[in-house]
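Participant: Task: produce atomic coordinates for the following.
(one chain, ligands or ions: 1)
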Amino acid sequence: MRHSEVLQAAGFTQADLTGGSLPVRSPIDGAVVAQVAETLAADMPGIIAKSKEAFKAWRVVPAPRRGELVRLLGEELRAAKDALGAVVTLEAGKITSEGLGEVQEMIDICDFAVGQSRQLYGLTIASERPGHRMMETWHPMGPCGVITAFNFPVAVWSWNTCLALICGDPVIWKPSEKTPLTAMTCMKILDRALERFGDAPEGLVQLVVGGPEIGEALVNSTDVPILSATGSTRMGGIVGPKVAARWGRPILELGGNNGMIVAPSADLDMAIRAIVFSAVGTAGQRCTTLRRLIVHNSIKDELVAKLVPAYASLPIGDPRSDGTLIGPLIDQATADRMQAMLDQAASEGGTVHGGGAANGVGDGAYVNPAIVEMPAQTETVKTETFAPILYVMGYDEFDEAIELHNGVPQGLSSCIFTLNMREAEAFLTAAGSDCGIANVNIGPSGAEIGGAFGGEKETGGGRESGSDAWKGYMRRQTNTINYSSELPLAQGVKFDI
Ligand code: NAD
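Facilitator: You can find the predicted model right below:
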C-alpha cells in the first residue's frame, strides 16, 4: 500500500494531514507524509484544567466499570490491528510483523488491565490495639502525563493508559514529535471505544502534539501528579529532577545497554538465534536491544565466526516487504551517529564487521548491522547508540563476566546463555545481574506484558505494564478503624486528660 492509502485506511482525512507546522517523515523513504497541527504552549493550562475536571468524575466511577472502557478499547484495537500496525510501519519503520506485534501488545495490556480493574487490592493488617482494624485502600491520583519515545510509538502509551484508566486517572499524552500519526490513530480508535462506553467525562484522555516544550508543560505542572516519561537518559536526566522538585511522581523508562553472557556450556545454535533477533530486530532501535555480548574466551572466536556470516545474510530493506528482517533507522542523523560510534570503537582498538549504508535499498537510512570485537569495555561500549551495533568482549572467569556485565551506567535488560545450573541461578541472585529484567536462555528483548517492565540505574527505576505496576498510578491510604468504646494509643503511650 502507498503511504496515502495506509493513512486513509486508518481514518485520516486531508484536513488531519495538511496545514500544520509539524512535518512527519516516513523512514521507509524519507517522504514527508503529513504536516500536522501542533499544540500551542498557551493551550496547555486549559488542557491540564480539563484533565483535572475529568478526574473529579472518573475517580468515583467504580473500577470494574472503568475497566469496561479498557475492554472496549481492546475490542476496537483488535478490529483496527492491521490498520494501526501499518501506520506504525509507515511512521516508525518497523517491519510488518513487528508493527502488528506492537498492536498485539496493546491488546494484551487491555486484557490484563480489565482483569486488574477487579483486583485493586489493599491489605488488611493486624492491629496491636483491641477493637481496632487496619487496612489499606488504593485511591486514584489525578492526571497522568505520558511522554513517549518514537521507537514504541503506541505500546508504551497503552501500558500507561490502560492502567491509569482503571486506576481512575485521566491521561494527557505527548508522543514523540517523530510519530504523531500513530498517536492520532490511537485517539481515533479510543474515540470509538469512548462512544460505545457512553458516559466517560470529556477530556479523559487528551493528546498533545509537539516537542520537548510541550512535554515540559506536563513536567512542570503541579496539577499532573504522575509523569511517565519514556526516552533517552538525557531526557530523563532533565525531566526526573524537575518532577521530583515539585513533589510529583515520576515513572522513568530510559535507555538501556543490554548484555548477554554466553558461557562455555551454552547451546550456541539457540544463542545465535537469540543474539541476532535481539541485536538487529527493529534495526537495533529497542530499549532492550542486545548491545553487549560477553563471551567465554574458549568459544568467542567460534561464535563470532558464526555470527558474522549470519549478519551478512540478513535481508535489509523495505519494512513492508515479505521477508525483510531489518528496516530503516528512524532518520539519517541516527545512521551518521552509528557510523561515528563505529569509527570511535575502531580508534579504541575494536575490529568492526559490517556497518555502513546498505546498498541499493532505497531513500531511507538503511544500514548494515555491525559486530565490533572490543579489547575492553570502553566509554564507547558504555554508551547506548540507538542503532544495530553489537560489541563483543571476552572473559575467563564467571565473576569477571558479571563485573563486565554490570559495569555500565544503564540497567534495563540482561541475560545469560548457559546449561550450567549454578551459573544460571547465580546470574539471578543479588550478586548477579543488576538489571530490572534478567533472563536465562532467552535474549534480553521482547518482554511479555505480564511482568513489570523497567530498569535500574540510568534506566530510571520506573516500572510499567504487568505485575503490580498499577500501584504507580494510585495513592495508598492506610486506614485504622476503632470499633471499641476505648481510645488506646499505639506503643502503649499514655495521654489521659
Ligand atoms: P528522546 O529522549 O529523544 O525523546 C523521548 C520523548 O521525550 C519525546 O516525546 C520527546 O519529545 C520528549 N522530550 C525530550 N526532551 C524533553 C524535555 N526536556 N522535556 C519533556 N519532554 C522531552 O528519545 P527517543 O529518541 O524518542 O527514543 C529513544 C530512547 O528511548 C532510547 O534511549 C531508548 O532506550 C529509550 N526507550 C526506553 C524505553 C524503556 O521502557 N526503558 C522504551 C522505549 C525507548
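Participant: Please count neighbours and contacts with C-alpha atoms only from this point.
Facilitator: OK.
Participant: Near the ligand, which residues of the stretch 1-150 of the chain are found?
Facilitator: Ile147, Thr148, Ala149, Phe150 (Cα under 6 Å from any ligand atom).
Participant: Which of those residues fall in helices?
Facilitator: Among these, no residue falls in helices (DSSP state H).
Participant: Which of those residues fall within strands?
Facilitator: Among these, DSSP state E puts Ile147 in strands.
Participant: So how do I select the buried members of the residues of the stretch 1-150 of the chain next to the ligand in ChimeraX?
Facilitator: If you want just the buried ones from these in ChimeraX, going by 16 or more other Cα atoms under 10 Å, the selection is:
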select :147,148,149,150
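Participant: CSV please, covering the residues of the stretch 1-150 of the chain next to the ligand and showing distance to Leu73.
Facilitator: Formatted as CSV, those follow (distance: Cα to Cα, whole Å):
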residue, distance to Leu73
Ile147, 20
Thr148, 19
Ala149, 22
Phe150, 22
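Participant: Farthest pair within the residues of the stretch 1-150 of the chain next to the ligand?
Facilitator: Taking Cα to Cα, the two most distant members of these are Ile147 and Phe150; they sit 10.2 Å apart.
Participant: which residues are in contact with both of those two?
Facilitator: Pro175, Ser176 (Cα atoms under 8 Å, 6 or more residues apart in numbering).
Participant: and Glu302, what does it touch?
Facilitator: Contacts of Glu302 by Cα under 8 Å, 6+ apart: none found.
Participant: three-state assignment of it?
Facilitator: helix (DSSP: H, G, I helix; E, B strand; the rest coil).
Participant: Identify the residue nearest the residue nearest the centre of the chain in space, chain neighbours excluded?
Facilitator: Closest to where the C-alpha atoms of the chain average out (Cα atoms, centre = their mean) is Val156, at 5.0 Å. Ranked by Cα to Cα, 6 or more residues apart in numbering and with sequence neighbours excluded, the top spatial neighbour of Val156 is Thr148, at 6.8 Å.
Participant: need the helices for the stretch 1-150 of the chain, in chain order.
Facilitator: Assigned by DSSP state H, counting those that start in this stretch, the stretch 1-150 of the chain shows helices spanning 3-9, 14-17, 44-58, 63-79, 81-92, 96-116.
Participant: is it true that the residue nearest to the centre of the chain lies in a helix?
Facilitator: Yes. According to three-state DSSP, Val156 belongs to a helix.
Participant: Let the chain start at 47 from now.
Facilitator: Got it, first residue is 47 now, which makes that one Val202.
Participant: Would you confirm that it contacts Phe196?
Facilitator: No. The pair Val202 and Phe196 fails to qualify as a contact (Cα atoms under 8 Å) at a distance of 10.0 Å.
Participant: so what pLDDT did the residue nearest to Val202 get?
Facilitator: Predicted confidence (pLDDT) for Thr194: 98.
Participant: How about the contacts made by it?
Facilitator: Thr194 neighbours (Cα under 8 Å, 6+ apart): Val202, Trp203, Trp219, Lys220, Pro221, Ser222, Ala275, Thr276, Gly277.
Participant: And Asp215, by the same measure?
Facilitator: So Asp215 contacts Phe101, Trp104, Arg105, Pro186, Met187, Gly188, Pro189, Cys190, Tyr519 (Cα under 8 Å, 6+ apart).
Participant: Count the neighbours of the nearest residue to the third one once chain neighbours are set aside for me.
Facilitator: It stands for Arg105. Nearest residue to Arg105, sequence neighbours excluded (Cα to Cα, 6+ apart): Gly214, at 4.6 Å. Here the number of neighbours of Gly214 (other Cα atoms under 10 Å) works out to 29.
Participant: and Gly214, that's in a helix?
Facilitator: No. Looking at Gly214 with three-state DSSP, it is coil, so not inside a helix.
Participant: picking that back up, okay if I get the contacts of Thr194 as JSON lines plus distance to Glu144, pLDDT and secondary structure?
Facilitator: JSON lines is the format used below for the contacts of Thr194 (distance: Cα to Cα, whole Å; pLDDT from 0 to 100; DSSP: H, G, I helix; E, B strand; the rest coil):
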{"residue": "Val202", "distance to Glu144": "14", "pLDDT": "98", "secondary structure": "helix"}
{"residue": "Trp203", "distance to Glu144": "17", "pLDDT": "98", "secondary structure": "helix"}
{"residue": "Trp219", "distance to Glu144": "23", "pLDDT": "99", "secondary structure": "strand"}
{"residue": "Lys220", "distance to Glu144": "22", "pLDDT": "98", "secondary structure": "strand"}
{"residue": "Pro221", "distance to Glu144": "19", "pLDDT": "98", "secondary structure": "coil"}
{"residue": "Ser222", "distance to Glu144": "19", "pLDDT": "98", "secondary structure": "coil"}
{"residue": "Ala275", "distance to Glu144": "23", "pLDDT": "98", "secondary structure": "strand"}
{"residue": "Thr276", "distance to Glu144": "19", "pLDDT": "98", "secondary structure": "strand"}
{"residue": "Gly277", "distance to Glu144": "19", "pLDDT": "98", "secondary structure": "coil"}
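Participant: of all the residues you listed, which two lie farthest apart?
Facilitator: Taking Cα to Cα as the measure, these span a maximum distance of 13.9 Å, between Trp219 and Gly277.
Participant: more neighbours, the two?
Facilitator: Set Trp219 next to Gly277 and count neighbours by other Cα under 10 Å: Trp219 wins out with 23 against 20.
Participant: hang on, that one packs against Gly256?
Facilitator: No. With contact defined as Cα under 8 Å, Trp219 does not reach Gly256; the gap is 10.6 Å.
Participant: Now for Gly120: which residues touch it?
Facilitator: Contacts of Gly120 (Cα under 8 Å, 6+ apart): Met152, Ile153, Cys156, Asp157.
Participant: rerun that using 10 Å as the cut-off
Facilitator: By Cα atoms under 10 Å, 6 or more residues apart in numbering, the contact list for Gly120 reads 114, 126, 150, 152-157, 159-160, 208, 235-236, 239.
Participant: What pLDDT does the model give it?
Facilitator: Reported pLDDT for Gly120: 98.
Participant: Can you tell me how far it is from the ligand?
Facilitator: 21 Å (Cα to the nearest ligand atom, to the nearest Å).
Participant: Can you give me the neighbour number for the closest residue to Gly507 other than its chain neighbours?
Facilitator: Ranked by Cα to Cα, 6+ apart and with sequence neighbours excluded, the top spatial neighbour of Gly507 is Gly501, at 5.2 Å. For Gly501, the neighbour count with other Cα under 10 Å is 24.
Participant: just to revisit the earlier point, do I have it right that the residue nearest to Arg105 meets Val106?
Facilitator: Yes. Using Cα atoms under 10 Å, Gly214 is in contact with Val106, at 7.7 Å.
Participant: so what sits against both of the two?
Facilitator: Contacts common to Gly214 and Val106, judged by Cα under 10 Å, 6+ apart, are Arg112, His185, Pro186.
Participant: which residues sit in contact with the closest residue to the ligand within the stretch 347-496 of the chain?
Facilitator: Proximity to the ligand, evaluated over the stretch 347-496 of the chain using Cα to the nearest ligand atom, is greatest for Phe432 at 6.3 Å. Shown in contact with Phe432 (Cα under 10 Å, 6+ apart): 197, 278, 301-303, 329-333, 335, 337, 375-376, 380-381, 383-384.
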